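>>> give me a model of this one.
(2 chains, ligands or ions: 5)
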Amino acid sequence: MFKIVNAEFIAPGIKRFTIEAPRIARKQRPGQFVIVRIRENGERIPLTIERSDPERGTVNIVVQSIGKTTHLLNSLETGDSIMDIVGPLGKPSEIACYGTVVTIGGGVGTAMAYPTAAAMKRAGNRVISILGGRNKDLVILEDEMRGVSDTVFVTTDDGSYADKGLVTDKLRQLIENGTRIDLVLAVGPIPMMRAVAEMTRKEQIRTMVSLNPIMIDGTGMCGGCRVLVEGKSEFACVDGPEFDAHRVDFAVLVQRNAMYRDAEKRSMDQYRQEIEAKKREASEAPTEAAMAGCALVTKR
Amino acid sequence: MTEKVSEKWKSKNLVPNRERIKMPRLHMPEQAPSLRAQQFTEVNLGYSAELARQEAIRCLECAKPTCTHDCPVGVKVKDFVQLIVAGDFMAAAAKIREDNVLPAVTGRVCPQEDHCEGACLLKKKGESLGIGYLERFVADYEQQHFDITTIVKAPPTGKKVAIVGSGPSGLTAAGDLVQKGHAVHVFEALHEVGGVLVYGIPEFRLPKKIIRQQVDYMRAMGVEFETDVVVGRTVTIDELLEEEGYDAVFIGTGAGLPQFMGIPGEHLNGVYSANEFLTRINLMHAYEFPKYDEPILDFRGKDVAVIGGGNTALDAIRSALRLGARKAYVLYRRSEAEMPARAEEVKHAKEEGIEFHVLTAPIEFLSDGRGWLTAARCLKMQLGEPDASGRRRPIAVEGSEYDLPLSVAVMAIGTTANPIVQSTTPGLSTNKRGYIEADATTQKTSRKGVFAGGDIVTGGATVILAMGAGRRAAKAIDEYLTTAPVVGSSQS
Ligand SMILES: Cc1cc2nc3c(=O)[nH]c(=O)nc-3n(C[C@H](O)[C@H](O)[C@H](O)COP(=O)(O)OP(=O)(O)OC[C@H]3O[C@@H](n4cnc5c(N)ncnc54)[C@H](O)[C@@H]3O)c2cc1C
Ligand SMILES: Cc1cc2nc3c(=O)[nH]c(=O)nc-3n(C[C@H](O)[C@H](O)[C@H](O)COP(=O)(O)OP(=O)(O)OC[C@H]3O[C@@H](n4cnc5c(N)ncnc54)[C@H](O)[C@@H]3O)c2cc1C
Ligand code: SF4
Ligand code: SF4
Ligand code: FES
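Numbering: from 1, shown residues only, chains lettered A, B, ... in the order given. Ligands and ions are numbered 1, 2, ... in the order given. Down below sits the predicted model:
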């Protein structure tokens, strides 16, 4: 059992956890992730380590409610425990002094890009960060990113905060302005990563993306996480999760991630019904946990 | 007949040999094929005490027992079988345990036809003794009647041993070492202990309850288990030796990485590795969805094929059948004679309605244009000259292409070494295929105090061979700890 020493929503449906996991905290490098199983009959899901504190023996994860497991996870509070956490998994990001590095985080992807951005800064790079969200509330870790970047740009799809537009619009501007860029790291929804890859391919700018295929064991044993990289199967959990964006077949990634869509939807619908039923049972106001489970809680 | 035999039981088998030879092998009671094809409960139901004694009587008590000679760990078959005849089942269990710490497992999954039973003298006269069935009976009897207070253990030695991986090799080494008085700590990457025995071999062949009981037994003996630790990532071998005060390490990480054929369409939705497929079902309990959160693999109305002819292939396809598959095929590129699966599994699979397409190999997976598998394009094969493995090499028959409609294909064509430990342990020698090099009698590796055994040394093999390696390693580790001056001090 792994104890949650702190849990708080940082945006609607996005929660940050600090969890006691001393072995993992000691070993974590930027770009690595853990696999989490919440309870006895739970599934295993991968989550990036946002940061770790080896002294205190804790790791942080930032979780967006997507389906049943992430909703369940985000219903946990400080003091609760998580059954299994294994890691740190995957290859660490390749940190070096490249020159100018642009880190792009879309939505919860910002939390995954953050540790690498910080390490790039420490390695002496000039770091330009572009953070995006659908709206103001979904732009996360802005302060943290400012702390490790020379320049930060923020975009929102609906213009409710900072510049209206997409992170890729910002990247295009940078390229068009003639900004020297030595490396781009993009983490977020697949369409965003694919668009970044197309844009930088023409400019021949080295670009890394952190891929999010479906995983089970995270140790190279099952092959479920395989992605097509220049026509060859590679396992994201051991060969990745970061890959050269210009070599990745994004269409196959999209296709494979849709594999369990129907079952996942059924599972989520059923979970919603259970929560609804529980709410009805408790005649008084719905509990905070149930609310969190449905991601109805607004930013605190 | 039964009564006549029973009268002759005393403590000794009084049935004359010429009569024993005439007695037929007693069948293992099993679930009817139509019933078991729909559920995950164990196929074989086990001998009763009565059946076990009757079968045991058939043993000829050979002066030079070839059965023991051909068992990889040298189980004293003749002796334990005579204890069954005498009705002392606990003593029979103790006799097996002298050489084999997981008899409830080996009795069920050993390829007996290649080992003990294949060498049994009775086979020359007709049918071999049901050694596996008897071993299983005795082990199950022991589990039901076991008294934990009778465990004897050597006094503590003050030495600490780390076991990496909790498959049969690691469990065997752990069990032997704890008995010698060493402190034993097992690290396992997954959230459950047991290796392939829990994530690979399905419930209908090896109930998980059996592994759990064995592990509980080891816990009671003092073995500590720590799950969720990937050695090489969470902690390295060097850190275990230098920082955590372990005096020796045994590596039993198994042959983990699934192989694919590298043919077009392998990335399609519906194409799985056998490891993923079986892990989802066994470890993640997909067959119990929605009780478990893992999405169910629902094959009702679907046609499923497995590619391969080993135990893994049969476990996968029989699981698919139990999850509702309309058609279930085995595609194997050689002929049935070359199939590496246990004979009993092939028989059971056929009874359940699995269709065997031998001398058949897929060359491409076809899709519906939206990323889902619709068919396998197959070639027929014929057998040519023997290859390096001694088996006749399959050669494609020209112009024999045909498309087999499929919704799901499972690749069970073998595994390779998982490199995580090797790549993070400087100075640990591996062979050109990436497996760890270890001495055949002591399981010593190129690193002092580091031993290795099981599939990570031999490549994919069998449970009993992995256990044999675990036992040899435990013996060598014990010698190393009690004689040689130890490098890392055990005080931390
Ligand atoms: C290396 C890696 C790092 C990740 N880091 C983070 C992170 O820091 N924060 C975060 O919020 N999310 C992260 N994710 C994504 C996260 O794992 C999925 O959102 C989560 O698994 C969804 O589970 P669910 O049951 O809630 O949703 P489901 O309803 O099961 O699935 C919704 C979608 O999530 C994806 N998914 C489902 N199961 C898995 C699985 N076992 N592995 C991967 N993807 C899956 C699929 O595309 C699916 O269609 C990461 C993924 C990977 C591979
Ligand atoms: C589906 C299937 C069916 C089979 N059927 C039979 C059969 O009927 N009869 C038979 O005799 N054999 C059978 N086998 C083969 C047999 O199971 C194996 O030969 C045997 O389990 C090997 O044992 P092992 O101890 O070497 O490793 P494994 O059983 O593979 O166990 C290795 C363990 O180490 C863990 N591990 C790996 N890397 C690390 C790490 N870095 N840190 C910590 N832990 C780690 C793994 O998670 C695993 O739990 C079958 C195999 C499969 C896959
Ligand atoms: S361990 Fe396996 S090979 Fe040895 S006697 Fe038992 S069943 Fe036969
Ligand atoms: S070879 Fe067969 S008959 Fe002879 S002792 Fe062994 S089991 Fe008995
Ligand atoms: S998650 Fe199983 S091999 Fe990557």
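
>>> relative to ligand 2, how far out is the closest residue to B:Ala305 other than its chain neighbours?
Nearest non-adjacent residue to B:Ala305, counting by CB to CB, 6 or more residues apart in numbering or on different chains: B:Tyr329, 4.1 Å away. Yep, even glycine has a C-beta here, placed from its N, CA and C like the rest. In this view, B:Tyr329 and ligand 2 are 18 Å apart by CB to the nearest ligand atom, to the nearest Å.

>>> got it, and B:Gly262?
21 Å.

>>> list phi and psi for that residue.
phi 80, psi 30 (degrees, to the nearest 10).

>>> so where's the chain uncertain?
Just so you know, I chose chain A. For chain A, the stretches with pLDDT under 70 are A:282-300.

>>> that answer is for a different chain, and I need it for chain B
B:1-11, B:147-151, B:286-296, B:484-492.

>>> for A:Thr59, what are its contacts?
That one is not Thr; residue A:59 is Val. A:18-19, A:21, A:24-25, A:28, A:34, A:49, A:51-53, A:85, A:87 (CB atoms under 8 Å, 6 or more residues apart in numbering or on different chains).

>>> in helices, which of those residues appear?
A:24-25 (DSSP state H).

>>> Throw the contacts of A:Val59 into JSON lines and include distance to ligand 2 and neighbour count, thanks.
Shown next, in JSON lines, are these (distance: CB to the nearest ligand atom, whole Å; neighbours: other CB atoms under 10 Å in any protein chain shown):
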{"residue": "A:Thr18", "distance to ligand 2": "26", "neighbour count": "21"}
{"residue": "A:Ile19", "distance to ligand 2": "21", "neighbour count": "26"}
{"residue": "A:Ala21", "distance to ligand 2": "16", "neighbour count": "26"}
{"residue": "A:Ile24", "distance to ligand 2": "14", "neighbour count": "29"}
{"residue": "A:Ala25", "distance to ligand 2": "18", "neighbour count": "22"}
{"residue": "A:Gln28", "distance to ligand 2": "17", "neighbour count": "26"}
{"residue": "A:Val34", "distance to ligand 2": "15", "neighbour count": "28"}
{"residue": "A:Ile49", "distance to ligand 2": "19", "neighbour count": "29"}
{"residue": "A:Arg51", "distance to ligand 2": "25", "neighbour count": "19"}
{"residue": "A:Ser52", "distance to ligand 2": "20", "neighbour count": "27"}
{"residue": "A:Asp53", "distance to ligand 2": "24", "neighbour count": "13"}
{"residue": "A:Ile85", "distance to ligand 2": "15", "neighbour count": "23"}
{"residue": "A:Gly87", "distance to ligand 2": "12", "neighbour count": "29"}
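
>>> can you tell me which of the contacts of A:Val59 are up against ligand 5?
Subset of the contacts of A:Val59 in contact with ligand 5: empty, counting by CB under 6 Å from any ligand atom.

>>> how about a markdown table for the contacts of A:Val59, with distance to B:Leu359 added?
Converted to a markdown table, these look like this (distance: CB to CB, whole Å):
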| residue | distance to B:Leu359 |
| --- | --- |
| A:Thr18 | 59 |
| A:Ile19 | 54 |
| A:Ala21 | 52 |
| A:Ile24 | 49 |
| A:Ala25 | 55 |
| A:Gln28 | 51 |
| A:Val34 | 46 |
| A:Ile49 | 50 |
| A:Arg51 | 57 |
| A:Ser52 | 54 |
| A:Asp53 | 60 |
| A:Ile85 | 47 |
| A:Gly87 | 45 |
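
>>> so the residue nearest to B:Ala305 sits against B:His357, correct?
Yes: assessed by CB atoms under 8 Å, B:Tyr329 is found in contact with B:His357 at 5.6 Å.

>>> closest point of chain A to ligand 4, which residue?
Relative to ligand 4, the nearest point of chain A is A:Met221 (37.6 Å; CB to the nearest ligand atom).

>>> the residue lying closest to that residue once chain neighbours are set aside and ligand 1, how far apart?
Distance criterion CB to CB, 6+ apart; nearest residue to A:Met221, sequence neighbours excluded, is B:Gly256 at 4.5 Å. Applying CB to the nearest ligand atom, the value for B:Gly256 to ligand 1 is 18 Å.

>>> with A:Ile10 instead?
Following CB to the nearest ligand atom, the distance that separates A:Ile10 from ligand 1 is 12 Å.

>>> pretty sure that residue contacts A:Glu142?
No: between A:Ile10 and A:Glu142 there is no contact under CB under 8 Å: 10.3 Å.

>>> picking up where we left off before, which ones are touching the residue nearest to A:Met221?
Counting by CB under 8 Å, 6+ apart, B:Gly256 has contacts A:219-221, B:275, B:415, B:417-418.

>>> what ranges does the stretch 1-150 of chain A have for its helices?
A:22-27, A:68-73, A:109-122, A:142-148 (DSSP state H, counting those that start in this stretch).

>>> hey, which helix is longest across chain A?
helix A:261-281.

>>> all set now, cheers.
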